[in-house]
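# here is a sequence with its predicted model. Questions after.
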Amino acid sequence: MVRKLVLLGTGLIGGSFALALKRAQQVAQVVGVGRSQANLERALELGVIDAASQDPAQAVQGADLVLIAAPVGQMQPLMQAIAPNLAGDCLVTDAGSTKRDVVGLYRAHLAAHLPACVPGHPIAGSDLSGAAAARYGLYEGRRVVLTPLPESAPEAIERLETLWRLCGAAVYRMSPEEHDSVFAAVSHVPHLVAFAYMNALLEHGNVAQCLDFAATGFRDFTRIAGSHPEMWRDIALANREAVLADLQRNVGQLQALIHLLEAGDAAGLTHYIERASSTRVAWEARTKGLSKP
Ligand SMILES: NC(=O)c1ccc[n+]([C@@H]2O[C@H](COP(=O)([O-])OP(=O)(O)OC[C@H]3O[C@@H](n4cnc5c(N)ncnc54)[C@H](O)[C@@H]3O)[C@@H](O)[C@H]2O)c1
Ligand SMILES: O=C(O)C(=O)C[C@]1(C(=O)O)C=C[C@@H](O)C=C1
């Protein structure tokens, strides 16, 4: 049972964690910290949090669990602010979409508290943001990746694993490097490519008519282009190395496609599409049990 959970960032991810623990009757009090008073008021109205604060240092006093669920670019000032006020037994974790940078921040700002720190990343979410987007069940049937520090105490890791399982998630462990390479490929770059595609569309001579006639294919391909700008700017910058390597691979594939089309190479084009299509179809079949975002 968690006595006092503090969310540093009261949006989709933090709010859904609080709701899941509330439904499991595993938390006595949830305090939401945020930048926007309107968002905090909405979180209170919706019962996502029980109390609100705009002062992270003061809010974490007496907490036994802190989830940092703000954009990764905000984690440095947040860790710095809370460090002096954390109780010795307070478990500190985060939901950041990148891990190498965040692990470095734990080391730099919470050095005295590392046994109680366990970095994490729920692999669930959506293109929506803010407390109003939080929902029960977001983590059901989904995965959570933990990247424990060598210093993380086994009891702290086990406690966090238990809490995520109570939210309905399956918990995995990875190194921060492995994490950032995998999620550059299957999350960060797909978002950036969707942004690039939308911006390319804006260069079309008749964008208004294009958008009028855009249908399901466009909707499926571009849903994530509507995601939160600050969050994705921070992710792209934090995981720049892996993202750039993957973007280069994408540019290479687009160039290969252009060459096939310029050459009118029907057999080559068939092979090109078949390779992609069979991989996507097999993935869909294998992951059918996973709930939709
Ligand atoms: N959205 C997703 O699909 C998803 C999935 C997994 C992990 N994440 C990660 O989880 C974190 C939160 O994402 P989200 O989708 O909940 O975003 P969100 O925008 O819904 O919520 C984040 C909240 O943090 C607040 N915030 C920003 N800076 C702050 C600060 N300095 N102090 C206090 N509050 C601050 C914002 O005002 C906002 O209300 C991010 O690090 C993101 O990378 C997101
Ligand atoms: O479903 C979405 O819209 C998401 O973007 C969720 C998603 C992803 O699958 O890429 C986004 C960022 C995360 O860190 C984890 C999950």
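The structure has been received and is ready for your questions. Ligands and ions are numbered 1, 2, ... in the order given.
# tell me the residues of the stretch 101-250 of the chain that contact ligand 1?
Neighbours of ligand 1 within the stretch 101-250 of the chain, by CB under 6 Å from any ligand atom: His121, Pro122, Gly125, Ser126, Ser129, Gly130, His228, Met231, Ile235. All C-beta spots, glycine's among them, are computed from the backbone N, C-alpha and C.
# just checking, Gly34 touches Gly15?
No. Here Gly34 does not reach Gly15: they are 10.1 Å apart, not a contact under CB atoms under 8 Å.
# and the strands in the stretch 51-200 of the chain?
All strands of the stretch 51-200 of the chain, identified by DSSP state E, counting those that start in this stretch, fall at 51-53, 65-68, 91-94, 117-118, 120-123, 143-146, 170-173.
# just put these in JSON lines and tack on mean pLDDT, distance to Trp164 and mean neighbour count.
Formatted as JSON lines, the strands of the stretch 51-200 of the chain follow (pLDDT from 0 to 100; distance: least, CB to CB, whole Å; neighbours: other CB atoms under 10 Å):
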{"stretch": "strand 51-53", "mean pLDDT": "98", "distance to Trp164": "23", "mean neighbour count": "18"}
{"stretch": "strand 65-68", "mean pLDDT": "99", "distance to Trp164": "11", "mean neighbour count": "26"}
{"stretch": "strand 91-94", "mean pLDDT": "99", "distance to Trp164": "9", "mean neighbour count": "27"}
{"stretch": "strand 117-118", "mean pLDDT": "98", "distance to Trp164": "10", "mean neighbour count": "24"}
{"stretch": "strand 120-123", "mean pLDDT": "98", "distance to Trp164": "7", "mean neighbour count": "23"}
{"stretch": "strand 143-146", "mean pLDDT": "98", "distance to Trp164": "5", "mean neighbour count": "20"}
{"stretch": "strand 170-173", "mean pLDDT": "98", "distance to Trp164": "5", "mean neighbour count": "15"}
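# out of these, nearest to Ala43?
strand 51-53 (6.8 Å; CB to CB).
# which strands or helices does the closest one pack on?
Judged by 3 or more CB pairs under 8 Å, 6 or more residues apart in numbering; DSSP states H and E, strand 51-53 is in contact with strand 27-33, helix 37-45.
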